[in-house]
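Student: A predicted structure for the sequence below; I have some questions about it.
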Amino acid sequence: MNTPTTSSVSVIILAAGQGTRMASRRPKVLHTVAGRPMLSRVIDTAGQLEPAAVRVVIGHGAEAVRDTLTESPVHWVTQDRQLGTGHAVDQALPGLPDHAVVLVLYGDVPLVRAETLLPLIRVAESGSLGLLTVNLENPAGYGRILRDATQAVTRIVEEKDASEAERKVTECNTGILAAPCALLREWLSKLGNDNTQGEYYLTDIIAMAVADGVGIVTVRAPDASEVLGANDRIQLAQLERTLQARLVRRLMLGGATLLDPARVDVRGEVSTGPDCLIDVNVVFEGRVVLGSDVRIGANCVIRDCVIGDGTEIQPNCVLDSARLGRDCRIGPFARIRPDTQLADQVHVGNFVEIKKSELGLGSKANHLSYIGDSAVGAGVNVGAGTITCNYDGANKHRTVIGDGAFIGSNTALVAPVEVGPGATVGAGSTVSQDVPAGALAVTRVKQRILSDWQRPKKTQVKNGH
């Protein structure tokens with residue numbers, strides 16, 4: 001997203017709450033939505049505004065929050081005692097210049113978009129207070145926006161302190177606001193905690209702004225889902241479904257067909273070429289790039305992969321940190337593990353596992369095989385039941401299979417070993433020495449026929465004994 005520069009803005013993100021209703025040892029803001037901590041998503045949104053500074057107020061589980069998001073470009077502020085939202089913002093103000101604009105966000109409200117926040121910033125840059133509101137059919141739990149006969153905002157009342165008439169108001173406070181730093185600093189210094197919670201409410205600055213004659217401009221959230229927070233795991237699940245709907249919609253607008261959008265999860269960043277088809281119960285994690293005409297079957301998990309044009313992933317496959325070429329056929333029930341590269345037209349069939357290996361153009365491993373730490377050339381056929389024995393108990397070793405080699409079924413290739421181009425390994429062999437190009441390697445024991453052999457018979461059981 002391209003946004004006008006907001007370099008005069010400092011963003012304060014409130015993330016100190018314990019979140020007791022989560023019934024969790026993990027800080028609330030570290031619970032994930034679409035595979036990422038809620039706070040991480042809010043920090044990213046703040047970054048899109050290109051602010052002068054981002055300060056995150058932490059308290060409960062502060063060390064865990066810092067350790068989890070150690071790479072985030074923010075300044076951490078610790079709120080030793082959780083005395084309310086007004087107190088939390090006040091902890092982050094020292095050092096911010098009076099001429100700055102302060103935007104207040106929340107670490108458990110991860111779906112708000114930068115486009116929604118920009119009008120608030122513009123209001124504050126003009127010297128007024130910008131307040132993000134939302135209309136809700138069921139406003140339970142939210143502070144209400146109170147207006148006078150001219151529709152000017154007079155104050156915000158928290159639900160616990162509201163009268164019966166005030167609770168019928170459907171315009172609600174989201175908590176997100178922007179204000180000139182000098183004014184915000186002055187108002188926060190006057191806050192009291194004479195309320196049912198005994199806390200310093202940030203919302204009380206609205207009445208102070210009115211008393212000072214400062215304009216209050218409300219901006220209506222275009223979609224109520226943007227300002228949803230998560231106070232318990234039910235609300236967290238609602239956030240998840242809301243964000244997933246947004247993410248899969250983006251895939252469909254980009255030209256992908258989702259057979260059931262409600263049953264595809266994006267837990268990272270996915271890009272698709274035209275005419276991809278994605279079946280149900282597919283989970284994308286990390287960064288995934290799909291070429292054109294890629295088909296993903298049902299019940300697949302795909303993580304940090306690049307998949308070439310025309311490749312088909314059949315149902316029940318797991319792909320992790322791999323690169324697949326064009327027109328490959330994978331699965332069903334295949335597992336592609338990290339550091340695997342498949343060239344064009346490679347076939348990997350059912351119950352085949354590949355790890356840290358390269359397979360060349362047109363090679364096939366169609367059934368019940370394990371290929372690990374290997375370099376497999378072009379046009380190689382790997383028979384059913386073949387395994388590369390790459391681990392000796394202490395170290396991993398490499399297997400090299402040349403172009404056009406044929407590996408018979410039920411073969412064990414004991415690494416380090418090399419099978420030359422065009423070589424053949426007979427079925428049932430255990431290969432522990434290099435096989436020259438074009439040669440045949442067979443290690444089977446000579447078959448014996450015992451014509452007078454009698455198969456053991458079970459002893460008959462009588463009367464239940």
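Tutor: Here it is on my side, so go on.
Student: residue farthest from the centroid of this protein?
Tutor: Of all residues in the chain, Asp452 has its C-alpha farthest from the mean position, at 65.5 Å, by CA atoms, centre = their mean.
Student: show the pLDDT at it.
Tutor: The score at Asp452 is 91. That number is its pLDDT.
Student: before we move on, what about Ile313?
Tutor: Ile313 is assigned a pLDDT of 98 by the prediction.
Student: re the thing from before, got the phi and psi for the residue farthest from the centre of the chain?
Tutor: The main-chain torsion angles of Asp452 are listed as degrees, to the nearest 10 and equal phi -100, psi 20.
Student: contacts only, for it.
Tutor: Asp452 makes contact with no residue, according to CB atoms under 8 Å, 6 or more residues apart in numbering. Yep, even glycine has a C-beta here, placed from its N, CA and C like the rest.
Student: any chance you could map the helices in the stretch 51-200 of the chain?
Tutor: 62-68, 85-92, 114-125, 181-189 (DSSP state H, counting those that start in this stretch).
Student: for the stretch 201-350 of the chain, same thing?
Tutor: For the stretch 201-350 of the chain, applying DSSP H, counting those that start in this stretch gives helices covering 205-211, 233-253.
Student: summarise which helices and strands the first one is packed against.
Tutor: What it means is helix 205-211. strand 129-135, strand 153-157, helix 181-189, strand 216-220 (3 or more CB pairs under 8 Å, 6 or more residues apart in numbering; DSSP states H and E).
Student: switch the cut-off to 7 Å
Tutor: Helices and strands touching helix 205-211, as assessed by 3 or more CB pairs under 7 Å, 6 or more residues apart in numbering; DSSP states H and E, comprise strand 153-157, helix 181-189, strand 216-220.
Student: go on, the longest one?
Tutor: Using 3+ CB pairs under 7 Å, 6+ apart as the contact criterion, the secondary-structure elements in contact with helix 233-253 are strand 32-33, strand 257-258, strand 264-272.
Student: so for Gly297, which of the helices of the stretch 51-200 of the chain sits nearest?
Tutor: Gly297 lies closest, by CB to CB, to one member of the helices of the stretch 51-200 of the chain: helix 62-68, at 33.9 Å.
Student: contact partners of the closest one?
Tutor: 15, 27, 29-30, 37, 39, 58, 76, 78 (CB atoms under 7 Å, 6 or more residues apart in numbering).
Student: report the two of the residues you listed separated the most.
Tutor: Pairwise distances across the contacts of helix 62-68 (CB to CB) peak at 18.1 Å, for the pair Pro37 and Thr78.
Student: so the two - more neighbours on which side?
Tutor: Under the neighbour definition other CB atoms under 10 Å, Pro37 and Thr78 were set side by side, and Pro37 has more, 23 against 13.
Student: show me what contacts the closest residue to the more buried one other than its chain neighbours?
Tutor: The spatial neighbour of Pro37 that comes closest, neighbours along the chain excluded (CB to CB, 6 or more residues apart in numbering), is Leu30 at 4.7 Å. Residues counted as contacts of Leu30 (CB under 7 Å, 6+ apart) are 37, 39, 64-65, 68.
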